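Kindly return the folded structure for what I paste below:
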Amino acid sequence: MGLRPSDLWRQPVLNPVTKKARSVPVLNPVDRHGRVFFFSWLGFMLAFWAWYTFPPLVRCFQILKRWQPAADPFLFQLTVTIKKDLNLTSEQVGNSNIVSLVATLGVRFLAGPLCDMFGPRRVFGGILLAGSIPIGLAPLIKDATGLYIIRLFIGILGGSFVPCQVWCTGWFDKNIVGTANALAGGWGNAGGGITYFIMPAVYDSLVHRWGHSAGEAWRITFVVPLVCLIICGLALLFLCDDTPMGKWYVSPRVPVPPFPFTQDPPNSSSQERPPPPRSDQSRIPRYLGHHRRRARCHRRPPPPWHLHPDGQRLGH
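Numbering: from 1, shown residues only. Now for the predicted structure:
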């Protein structure tokens, strides 16, 4: 089933058994499947944006000598300001990048089992809300040690890739699940690129338009990703479901619904069907074998007396 333009906004056709969508309603966040897809790529993009908030501020120290300030004056000024404010060296900047990647590696290892236990929606929302804490504490950095600690915990946001893919896989059918995962993952990774012009643009606005000093402006820029992460994390938890069939985990006290294949198909009558007739085959012991049971069940009755070869009644 290929992609059609009308599939982008209309309500998708569902699998009658698994309730998974057979198309991706990209432009229809009102639909529950479209809403899950919307928050999948949006949450992943915001997580990568917040994860890469420091690279456009401190990562370009080693290549600044190749740049001319006139080519990108805002990014040049922002980078020099932070380096001077925190008294950082190029080696310290590189070490902070390593710390952030190591944290992401560990979180991704844990995110998989957590998705199996609690569901991808809760893990996704938890990662966004947990990652917003170090983003909010980033303006309090005073030296290289504080940079290491903050970037270590900001690396939590890099683990959002795992619940994003698991969540999309559970909502879209096999004919379109690869396309849904590709769109959500691709648009999410774009967050690592948009931060390179959003953060310098916010910094320039604070300095030249609102009159903040350079030391205050780069710290205030972290408020923007902080607000976005909190709003997206809460909306994801309160506006979306775990799976198309309901909650991810059902309490043992709640009766578990029957397996989907045992239910009647949609639009079928709700009347109870009569039980199948019981065959004499069930009374035969299993050790007699399949063929002997079948032969006994289908044994022909004796012929009536008038069809007897001798033409006499039996017993006379």
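
Touching, Phe44 and Gly186? I think so.
No - contact criterion CB atoms under 8 Å: Phe44 and Gly186 do not qualify, at 9.7 Å. C-beta here means a position set from N, CA and C on the backbone, and glycine is covered the same way.

excluding its backbone neighbours, what's nearest Gly136?
Distance criterion CB to CB, 6 or more residues apart in numbering; nearest residue to Gly136, sequence neighbours excluded, is Leu226 at 4.9 Å.

Distance check, that neighbour against Ile141.
For Leu226, the distance to Ile141 (CB to CB, to the nearest Å) stands at 14 Å.

What are the boundaries of the helices in the stretch 151-300 of the chain?
161-171, 177-189, 191-208, 214-220, 223-239, 290-297 (DSSP state H, counting those that start in this stretch).

Put the alpha carbons of the first one into CSV.
The reference is to helix 161-171. Written as CSV, here are the backbone C-alpha positions of helix 161-171 (Å, rounded to 0.1, in the frame of the first residue of the first chain):
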residue,chain,number,x,y,z
PHE,A,161,15.3,7.6,20.1
VAL,A,162,14.4,4.2,21.6
PRO,A,163,10.8,4.9,22.9
CYS,A,164,10.1,7.0,19.8
GLN,A,165,10.7,4.0,17.5
VAL,A,166,9.0,1.5,19.8
TRP,A,167,5.9,3.8,20.1
CYS,A,168,5.6,4.2,16.3
THR,A,169,6.0,0.5,15.7
GLY,A,170,3.1,-0.3,18.1
TRP,A,171,0.7,2.1,16.3
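
who touches that helix?
20-21, 33, 36-37, 40-41, 43-44, 108, 111-112, 115, 120-121, 123-124, 127, 177, 180-181, 184-185, 188, 242-244 (CB atoms under 8 Å, 6 or more residues apart in numbering).

tilt between that helix and helix 223-239?
Taking axes from the mean of the first three to the mean of the last three CA atoms, to 10 degrees, one finds helix 161-171 and helix 223-239 inclined to each other by 30 degrees.

which residues in the stretch 1-150 of the chain form helices?
Going by DSSP H, counting those that start in this stretch, the stretch 1-150 of the chain shows helices at 32-51, 55-58, 73-86, 90-118, 120-137, 144-154.

what angle do the fifth one and helix 161-171 make?
Same thing as helix 120-137. Using the same axes, to 10 degrees, helix 120-137 lies at 150 degrees relative to helix 161-171.

Can you give me the buried ones in helix 120-137?
Within helix 120-137, the residues scored as buried using 16 or more other CB atoms under 10 Å are 120-132, 134-137.

related to what we said a few turns ago, any chance of the helices of the stretch 1-150 of the chain in JSON lines with distance to Phe172 and mean pLDDT as columns?
Shown next, in JSON lines, are the helices of the stretch 1-150 of the chain (distance: least, CB to CB, whole Å; pLDDT from 0 to 100):
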{"stretch": "helix 32-51", "distance to Phe172": "7", "mean pLDDT": "94"}
{"stretch": "helix 55-58", "distance to Phe172": "32", "mean pLDDT": "62"}
{"stretch": "helix 73-86", "distance to Phe172": "39", "mean pLDDT": "61"}
{"stretch": "helix 90-118", "distance to Phe172": "16", "mean pLDDT": "89"}
{"stretch": "helix 120-137", "distance to Phe172": "13", "mean pLDDT": "96"}
{"stretch": "helix 144-154", "distance to Phe172": "30", "mean pLDDT": "91"}
